[in-house]
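Enquirer: can't give you the sequence, but here's the structure:
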């Protein structure tokens, strides 16, 4: 039984590592987009009018929200996995 728990933990660790790699890539995208926004001129930017400015701001906000949602999903997945392992270990201690 202990070896099964160890294997489950190894698979969970590998899955979390892969999710962390994906989130790191998304973080780099968000950082780069924020650098681009920071480099935009403060006076008379040409975004195709007000509608273009609103659209560009909306895209930046969507990417930031997607990144934060992905972080929340990772945290939830990790909590669920650890919770299952703790329940299994508690059940094993009672036996």
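Expert: Noted; the coordinates are in hand. These figures come from a predicted structure and were not determined experimentally.
Enquirer: drop to CA atoms for contacts and neighbour counts, all remaining ones
Expert: Fine.
Enquirer: for the protein, which helix is longest?
Expert: As assigned by DSSP state H, the longest helix anywhere in the chain is helix 49-94.
Enquirer: what is the mean pLDDT for that one?
Expert: Mean pLDDT, helix 49-94: 82.
Enquirer: and that helix, what does it pack against?
Expert: Applying 3 or more Cα pairs under 8 Å, 6 or more residues apart in numbering; DSSP states H and E, one finds that helix 49-94 contacts helix 2-39.
Enquirer: okay, the angle between the helix it packs on and helix 49-94?
Expert: Counting by axes from the mean of the first three to the mean of the last three Cα atoms, to 10 degrees, helix 2-39 lies at 160 degrees to helix 49-94.
Enquirer: and helix 2-39, what does it pack against?
Expert: Partner elements for helix 2-39 (3+ Cα pairs under 8 Å, 6+ apart): helix 49-94.
Enquirer: roughly how far is the longest helix of the chain from the heart of the chain?
Expert: Mean C-alpha position of helix 49-94 versus that of the full chain (Cα atoms, centre = their mean, to the nearest Å) differs by 5 Å.
Enquirer: cool, and stretch 12-32?
Expert: That offset, for stretch 12-32, works out to 6 Å (Cα atoms, centre = their mean).
Enquirer: can you list contacts of that stretch?
Expert: By Cα atoms under 8 Å, 6 or more residues apart in numbering, the surrounding residues in contact with stretch 12-32 are 63, 64, 67, 70, 71, 74, 78, 81.
Enquirer: residue 43 versus residue 85, what's the distance?
Expert: Distance, residue 85 to residue 43, by Cα to Cα, to the nearest Å: 56 Å.
Enquirer: those two: who's more crowded?
Expert: More crowded of residue 85 and residue 43, by other Cα atoms under 10 Å: residue 85, with 16 against 6.
Enquirer: pretty sure that one contacts residue 4?
Expert: No. The criterion here is Cα atoms under 8 Å, and residue 85 misses it with residue 4 at 10.7 Å.
Enquirer: distance to residue 92 and neighbour count for the contacts of stretch 12-32 - can I get that in JSON lines?
Expert: JSON lines is the format used below for the contacts of stretch 12-32 (distance: Cα to Cα, whole Å; neighbours: other Cα atoms under 10 Å):
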{"residue": "63", "distance to residue 92": "44", "neighbour count": "16"}
{"residue": "64", "distance to residue 92": "42", "neighbour count": "19"}
{"residue": "67", "distance to residue 92": "38", "neighbour count": "20"}
{"residue": "70", "distance to residue 92": "33", "neighbour count": "17"}
{"residue": "71", "distance to residue 92": "32", "neighbour count": "18"}
{"residue": "74", "distance to residue 92": "27", "neighbour count": "17"}
{"residue": "78", "distance to residue 92": "21", "neighbour count": "16"}
{"residue": "81", "distance to residue 92": "17", "neighbour count": "16"}
